[in-house]
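Asker: let me see the structure of the following:
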Amino acid sequence: MNKINYFISILYIVVIGFISAPQAAAADYGLSVSPPLLRIHIKPGKSITQVFKVENLGKTEKTLIARIVPFDKADDKGNPLLDPKKTADWLAYFSLANTNIKLNEPFIVAAGSSEQLILSLSVPDTAPLMDIYATLMISTYQDNIDTTLQGTAVSATIGSNLLITVSTTAFPDTVLKIENFSPPKGALIKIGNLYFADSITPLTFTAVVSNEGKFLAETKGVFRVTTSQGTPVYLEGILPVNVIGKSQRQLLNTNGEPFHFSPSLSQIGPHQITLEIKTDNSNTTNSLNIFFFPFKLSLGLIVAIVLILITIRIATSTTKKEVDK
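Answerer: Next comes the predicted model:
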(Lines give C-alpha, C1' and ligand atoms only; values in the text may rest on other atoms or scores of the structure.)
Protein backbone atom coordinates (compact mmCIF):
# COMPACT_ATOMS: atom_id res chain seq x y z
CA MET A 1 0.00 0.00 0.00
CA ASN A 2 2.93 2.35 0.77
CA LYS A 3 4.00 2.06 -2.86
CA ILE A 4 0.70 3.26 -4.25
CA ASN A 5 0.88 6.66 -5.90
CA TYR A 6 -1.94 8.69 -4.40
CA PHE A 7 -3.89 11.11 -6.54
CA ILE A 8 -5.86 13.28 -4.16
CA SER A 9 -8.94 15.00 -5.48
CA ILE A 10 -10.58 16.20 -2.30
CA LEU A 11 -13.99 17.55 -3.19
CA TYR A 12 -14.90 18.24 0.41
CA ILE A 13 -12.76 17.97 3.52
CA VAL A 14 -13.84 18.30 7.08
CA VAL A 15 -11.06 18.40 9.60
CA ILE A 16 -12.06 20.08 12.87
CA GLY A 17 -10.01 22.63 14.77
CA PHE A 18 -8.94 22.18 18.37
CA ILE A 19 -12.26 22.98 20.08
CA SER A 20 -14.40 19.98 20.91
CA ALA A 21 -17.58 19.29 18.92
CA PRO A 22 -20.08 16.41 19.00
CA GLN A 23 -18.66 14.90 15.83
CA ALA A 24 -16.86 15.71 12.62
CA ALA A 25 -18.99 15.02 9.58
CA ALA A 26 -18.83 15.33 5.80
CA ALA A 27 -22.57 15.81 5.44
CA ASP A 28 -22.68 15.80 1.65
CA TYR A 29 -21.01 12.39 1.64
CA GLY A 30 -22.79 10.87 4.66
CA LEU A 31 -19.69 10.32 6.79
CA SER A 32 -18.98 11.15 10.42
CA VAL A 33 -16.31 10.35 13.01
CA SER A 34 -16.32 10.75 16.76
CA PRO A 35 -14.73 11.82 18.97
CA PRO A 36 -13.40 14.66 16.81
CA LEU A 37 -10.55 15.45 19.18
CA LEU A 38 -8.24 13.33 21.31
CA ARG A 39 -6.01 15.02 23.90
CA ILE A 40 -3.51 12.73 25.65
CA HIS A 41 -0.68 13.03 28.18
CA ILE A 42 1.43 9.89 28.13
CA LYS A 43 4.79 8.81 29.56
CA PRO A 44 7.46 6.99 27.55
CA GLY A 45 7.03 3.23 27.82
CA LYS A 46 3.25 3.44 28.17
CA SER A 47 0.38 2.47 25.86
CA ILE A 48 -3.20 3.60 25.43
CA THR A 49 -6.15 2.78 23.17
CA GLN A 50 -9.04 4.93 21.98
CA VAL A 51 -12.14 3.82 20.09
CA PHE A 52 -13.31 6.00 17.20
CA LYS A 53 -16.75 5.54 15.68
CA VAL A 54 -16.98 5.96 11.91
CA GLU A 55 -20.54 6.19 10.58
CA ASN A 56 -21.78 5.77 7.03
CA LEU A 57 -24.90 7.93 7.00
CA GLY A 58 -25.44 7.46 3.29
CA LYS A 59 -27.62 5.03 1.36
CA THR A 60 -24.78 3.17 -0.33
CA GLU A 61 -21.92 1.03 0.85
CA LYS A 62 -18.62 2.88 1.21
CA THR A 63 -15.05 1.70 1.03
CA LEU A 64 -12.85 3.76 3.36
CA ILE A 65 -9.21 4.00 4.30
CA ALA A 66 -7.76 5.25 7.61
CA ARG A 67 -4.44 7.02 7.83
CA ILE A 68 -2.47 8.96 10.42
CA VAL A 69 -1.36 12.27 8.92
CA PRO A 70 1.19 14.32 10.91
CA PHE A 71 1.11 18.10 11.15
CA ASP A 72 3.21 20.67 12.98
CA LYS A 73 1.51 23.91 11.96
CA ALA A 74 -1.94 25.43 12.32
CA ASP A 75 -3.58 28.71 11.36
CA ASP A 76 -4.63 31.37 13.88
CA LYS A 77 -8.05 29.73 14.20
CA GLY A 78 -6.55 26.37 15.17
CA ASN A 79 -7.11 24.56 11.88
CA PRO A 80 -4.23 22.16 11.21
CA LEU A 81 -2.27 22.62 8.00
CA LEU A 82 -2.22 19.10 6.63
CA ASP A 83 0.08 17.53 4.08
CA PRO A 84 -0.97 13.90 3.39
CA LYS A 85 2.55 13.16 2.13
CA LYS A 86 4.23 14.25 5.36
CA THR A 87 5.99 11.54 7.37
CA ALA A 88 7.43 11.23 10.88
CA ASP A 89 9.36 8.58 12.81
CA TRP A 90 6.68 8.46 15.52
CA LEU A 91 4.07 7.20 13.05
CA ALA A 92 5.31 3.74 14.10
CA TYR A 93 3.76 4.37 17.53
CA PHE A 94 0.27 4.05 16.03
CA SER A 95 -1.67 0.99 14.92
CA LEU A 96 -5.22 -0.31 14.78
CA ALA A 97 -6.11 -3.11 17.20
CA ASN A 98 -9.03 -4.23 15.00
CA THR A 99 -8.91 -7.80 13.74
CA ASN A 100 -9.86 -7.04 10.14
CA ILE A 101 -8.98 -3.34 9.74
CA LYS A 102 -5.48 -1.91 9.45
CA LEU A 103 -4.10 1.55 8.87
CA ASN A 104 -3.55 2.44 5.22
CA GLU A 105 -5.71 -0.47 4.07
CA PRO A 106 -9.29 -0.23 2.73
CA PHE A 107 -12.28 -1.45 4.72
CA ILE A 108 -16.02 -1.48 3.99
CA VAL A 109 -18.82 0.18 5.96
CA ALA A 110 -22.33 -0.79 4.92
CA ALA A 111 -24.99 1.86 4.26
CA GLY A 112 -26.55 3.19 7.45
CA SER A 113 -24.09 1.38 9.70
CA SER A 114 -20.91 2.18 11.60
CA GLU A 115 -17.51 0.74 12.31
CA GLN A 116 -15.29 1.11 15.35
CA LEU A 117 -11.62 1.86 14.86
CA ILE A 118 -9.54 0.88 17.89
CA LEU A 119 -6.53 3.15 17.70
CA SER A 120 -3.55 2.01 19.72
CA LEU A 121 -0.71 4.29 20.77
CA SER A 122 2.44 2.63 22.15
CA VAL A 123 5.25 4.99 23.12
CA PRO A 124 8.66 3.31 23.51
CA ASP A 125 10.85 3.88 26.57
CA THR A 126 13.39 5.72 24.44
CA ALA A 127 10.86 8.14 22.89
CA PRO A 128 11.91 11.79 23.06
CA LEU A 129 9.87 14.12 25.26
CA MET A 130 7.81 16.10 22.79
CA ASP A 131 4.36 16.86 21.43
CA ILE A 132 2.85 14.75 18.67
CA TYR A 133 0.20 16.35 16.44
CA ALA A 134 -1.66 14.27 13.89
CA THR A 135 -5.05 13.69 12.30
CA LEU A 136 -6.75 10.33 12.06
CA MET A 137 -7.93 10.82 8.50
CA ILE A 138 -10.79 8.73 7.10
CA SER A 139 -11.15 8.91 3.32
CA THR A 140 -13.41 7.31 0.77
CA TYR A 141 -11.49 4.91 -1.42
CA GLN A 142 -11.79 3.74 -5.01
CA ASP A 143 -9.51 0.98 -6.20
CA ASN A 144 -9.84 1.71 -9.87
CA ILE A 145 -7.41 3.03 -12.40
CA ASP A 146 -8.45 5.78 -14.78
CA THR A 147 -7.13 5.77 -18.33
CA THR A 148 -5.28 9.00 -17.58
CA LEU A 149 -4.75 8.79 -13.80
CA GLN A 150 -3.18 6.03 -11.76
CA GLY A 151 -3.59 5.22 -8.10
CA THR A 152 -6.24 6.00 -5.57
CA ALA A 153 -8.89 8.71 -5.87
CA VAL A 154 -10.01 10.28 -2.64
CA SER A 155 -13.36 12.02 -2.98
CA ALA A 156 -14.22 12.80 0.65
CA THR A 157 -12.21 13.10 3.83
CA ILE A 158 -13.06 13.56 7.49
CA GLY A 159 -10.72 13.52 10.44
CA SER A 160 -10.17 13.59 14.17
CA ASN A 161 -7.25 15.55 15.58
CA LEU A 162 -4.78 13.87 17.91
CA LEU A 163 -2.94 16.15 20.34
CA ILE A 164 -0.46 14.04 22.29
CA THR A 165 2.11 15.13 24.85
CA VAL A 166 4.91 12.67 25.59
CA SER A 167 6.31 13.78 28.93
CA THR A 168 7.44 12.45 32.30
CA THR A 169 5.46 15.21 34.05
CA ALA A 170 1.74 15.96 33.97
CA PHE A 171 2.25 19.60 33.07
CA PRO A 172 5.44 20.27 31.09
CA ASP A 173 6.68 23.85 30.85
CA THR A 174 4.75 26.11 28.52
CA VAL A 175 5.71 29.53 27.19
CA LEU A 176 2.75 31.71 26.16
CA LYS A 177 2.91 35.35 25.13
CA ILE A 178 -0.01 37.70 24.36
CA GLU A 179 0.72 39.81 21.28
CA ASN A 180 -0.98 42.41 19.08
CA PHE A 181 -3.40 43.38 21.85
CA SER A 182 -5.05 46.54 20.58
CA PRO A 183 -8.25 48.22 19.40
CA PRO A 184 -8.93 48.36 15.63
CA LYS A 185 -6.41 50.54 13.82
CA GLY A 186 -7.50 54.17 13.79
CA ALA A 187 -10.36 53.61 16.25
CA LEU A 188 -8.66 55.48 19.11
CA ILE A 189 -6.20 58.33 19.49
CA LYS A 190 -2.85 57.18 20.89
CA ILE A 191 -0.19 59.43 22.39
CA GLY A 192 2.84 57.50 23.58
CA ASN A 193 1.52 54.45 25.43
CA LEU A 194 -1.79 56.08 26.33
CA TYR A 195 -5.01 55.66 24.37
CA PHE A 196 -7.80 58.26 24.50
CA ALA A 197 -11.34 56.93 24.13
CA ASP A 198 -14.83 58.35 24.23
CA SER A 199 -16.60 57.20 27.39
CA ILE A 200 -19.94 56.51 25.66
CA THR A 201 -18.64 54.65 22.60
CA PRO A 202 -18.38 50.80 22.66
CA LEU A 203 -14.86 49.45 22.13
CA THR A 204 -13.55 46.28 20.51
CA PHE A 205 -10.16 44.68 21.14
CA THR A 206 -8.29 41.89 19.39
CA ALA A 207 -5.23 39.88 20.35
CA VAL A 208 -3.30 36.73 19.52
CA VAL A 209 -1.46 34.34 21.80
CA SER A 210 1.88 32.91 20.78
CA ASN A 211 3.11 29.58 22.10
CA GLU A 212 6.87 29.88 22.06
CA GLY A 213 7.43 26.54 23.76
CA LYS A 214 7.43 23.03 22.32
CA PHE A 215 4.44 21.74 24.30
CA LEU A 216 0.75 22.45 23.76
CA ALA A 217 -0.97 24.89 26.13
CA GLU A 218 -4.59 25.84 26.75
CA THR A 219 -5.78 29.43 27.02
CA LYS A 220 -7.75 29.98 30.21
CA GLY A 221 -8.09 33.52 31.47
CA VAL A 222 -9.95 36.81 31.60
CA PHE A 223 -10.34 40.14 29.84
CA ARG A 224 -10.46 42.79 32.58
CA VAL A 225 -11.10 46.54 32.78
CA THR A 226 -10.02 48.31 35.98
CA THR A 227 -9.81 51.86 37.26
CA SER A 228 -6.50 53.56 38.07
CA GLN A 229 -7.01 52.33 41.67
CA GLY A 230 -7.31 48.72 40.47
CA THR A 231 -11.08 48.42 41.00
CA PRO A 232 -12.61 46.02 38.43
CA VAL A 233 -15.40 47.54 36.33
CA TYR A 234 -15.75 44.76 33.73
CA LEU A 235 -14.77 41.09 33.41
CA GLU A 236 -15.11 38.77 30.42
CA GLY A 237 -13.83 35.22 30.01
CA ILE A 238 -11.37 34.06 27.37
CA LEU A 239 -12.49 31.16 25.17
CA PRO A 240 -10.34 28.13 26.14
CA VAL A 241 -8.48 26.80 23.10
CA ASN A 242 -5.47 24.57 22.54
CA VAL A 243 -2.36 26.25 21.14
CA ILE A 244 0.18 23.84 19.68
CA GLY A 245 3.88 24.50 20.16
CA LYS A 246 5.53 27.18 18.00
CA SER A 247 2.21 28.56 16.75
CA GLN A 248 -0.24 31.41 17.26
CA ARG A 249 -3.98 31.55 17.86
CA GLN A 250 -6.49 34.35 17.85
CA LEU A 251 -7.88 35.13 21.29
CA LEU A 252 -11.66 35.46 21.56
CA ASN A 253 -14.25 35.84 24.30
CA THR A 254 -16.41 32.93 25.43
CA ASN A 255 -18.89 33.73 22.64
CA GLY A 256 -16.19 33.27 20.02
CA GLU A 257 -16.01 37.01 19.27
CA PRO A 258 -13.47 39.81 19.78
CA PHE A 259 -13.46 41.37 23.23
CA HIS A 260 -16.04 44.13 23.80
CA PHE A 261 -16.37 46.86 26.39
CA SER A 262 -19.05 49.55 26.57
CA PRO A 263 -17.98 52.35 28.95
CA SER A 264 -20.40 54.73 30.63
CA LEU A 265 -20.41 58.42 31.51
CA SER A 266 -19.38 57.55 35.04
CA GLN A 267 -16.12 56.05 33.77
CA ILE A 268 -13.96 59.12 33.26
CA GLY A 269 -10.21 59.17 33.66
CA PRO A 270 -7.40 56.62 33.39
CA HIS A 271 -8.27 52.91 33.17
CA GLN A 272 -6.32 49.76 32.44
CA ILE A 273 -7.50 47.01 30.11
CA THR A 274 -5.80 43.67 30.68
CA LEU A 275 -5.73 40.22 29.11
CA GLU A 276 -4.51 37.51 31.47
CA ILE A 277 -3.92 33.83 30.68
CA LYS A 278 -3.17 31.19 33.27
CA THR A 279 -1.92 27.71 32.48
CA ASP A 280 -1.11 24.92 34.91
CA ASN A 281 2.44 26.16 35.36
CA SER A 282 2.71 29.69 33.98
CA ASN A 283 0.93 33.03 33.62
CA THR A 284 1.07 35.75 30.98
CA THR A 285 -0.54 39.20 30.77
CA ASN A 286 -0.72 42.19 28.45
CA SER A 287 -2.26 45.56 29.30
CA LEU A 288 -3.37 48.80 27.66
CA ASN A 289 -3.70 52.18 29.35
CA ILE A 290 -6.79 54.14 28.29
CA PHE A 291 -8.10 57.55 29.31
CA PHE A 292 -11.89 57.77 29.07
CA PHE A 293 -13.59 61.12 28.55
CA PRO A 294 -16.97 62.08 26.99
CA PHE A 295 -15.34 63.68 23.94
CA LYS A 296 -18.38 63.36 21.70
CA LEU A 297 -20.77 64.71 24.32
CA SER A 298 -18.39 67.57 25.12
CA LEU A 299 -18.01 68.38 21.44
CA GLY A 300 -21.79 68.35 21.07
CA LEU A 301 -22.17 70.72 24.01
CA ILE A 302 -19.51 73.05 22.61
CA VAL A 303 -21.22 73.11 19.20
CA ALA A 304 -24.59 73.71 20.88
CA ILE A 305 -23.19 76.57 22.97
CA VAL A 306 -21.54 78.15 19.92
CA LEU A 307 -24.82 77.91 17.96
CA ILE A 308 -26.73 79.46 20.87
CA LEU A 309 -24.23 82.30 21.15
CA ILE A 310 -24.36 82.91 17.41
CA THR A 311 -28.17 82.88 17.52
CA ILE A 312 -28.21 85.33 20.45
CA ARG A 313 -25.74 87.59 18.70
CA ILE A 314 -27.78 87.60 15.49
CA ALA A 315 -30.99 88.24 17.42
CA THR A 316 -29.37 91.07 19.39
CA SER A 317 -27.98 92.62 16.23
CA THR A 318 -31.39 92.44 14.54
CA THR A 319 -33.11 94.03 17.53
CA LYS A 320 -30.56 96.86 17.64
CA LYS A 321 -31.10 97.63 13.97
CA GLU A 322 -34.85 97.81 14.48
CA VAL A 323 -34.40 100.20 17.43
CA ASP A 324 -32.09 102.43 15.40
CA LYS A 325 -34.77 102.75 12.74
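
Asker: helices of the protein, residue ranges please.
Answerer: 295-324 (DSSP state H).

Asker: and for the closest residue in space to Val225 that isn't next to it in sequence, the neighbour number?
Answerer: Excluding the flanking residues, the one nearest Val225 by Cβ to Cβ, 6 or more residues apart in numbering is Tyr234, at 4.0 Å. The C-beta positions use only the backbone N, C-alpha and C, and glycine is treated the same way. Using other Cβ atoms under 10 Å, Tyr234 has 16 other residues around it.

Asker: isn't Tyr234 right next to Thr227, touching?
Answerer: No: judged on Cβ atoms under 8 Å, Tyr234 makes no contact with Thr227 at a distance of 10.6 Å.

Asker: can you list the buried residues in stretch 287-304?
Answerer: 288, 290-294 (16 or more other Cβ atoms under 10 Å).

Asker: and the contacts of it?
Answerer: Outside stretch 287-304, the residues that touch it by Cβ atoms under 8 Å, 6 or more residues apart in numbering are 181-182, 188, 193-201, 205, 263, 265, 267-275.

Asker: any idea how far it is from the chain center?
Answerer: Chain-centre distance of stretch 287-304: 35 Å, with Cα atoms, centre = their mean, to the nearest Å.

Asker: same check, this time on stretch 244-264
Answerer: 9 Å.

Asker: next: stretch 185-192.
Answerer: 27 Å.

Asker: other residues contacting it?
Answerer: Residues outside stretch 185-192 that contact it (Cβ under 8 Å, 6+ apart) are 195-197, 203-204, 290.

Asker: how much space separates the residue nearest to Val225 from Phe292?
Answerer: 12 Å (Cβ to Cβ, to the nearest Å).

Asker: and the residue nearest the centre of the chain, how far is that from Val209?
Answerer: Computing the C-alpha centroid of the chain and ranking residues by Cα atoms, centre = their mean puts Lys77 first, at 3.5 Å. The spacing between Lys77 and Val209, counted by Cβ to Cβ, is 12 Å.

Asker: which neighbours do the two have in common?
Answerer: Arg249.
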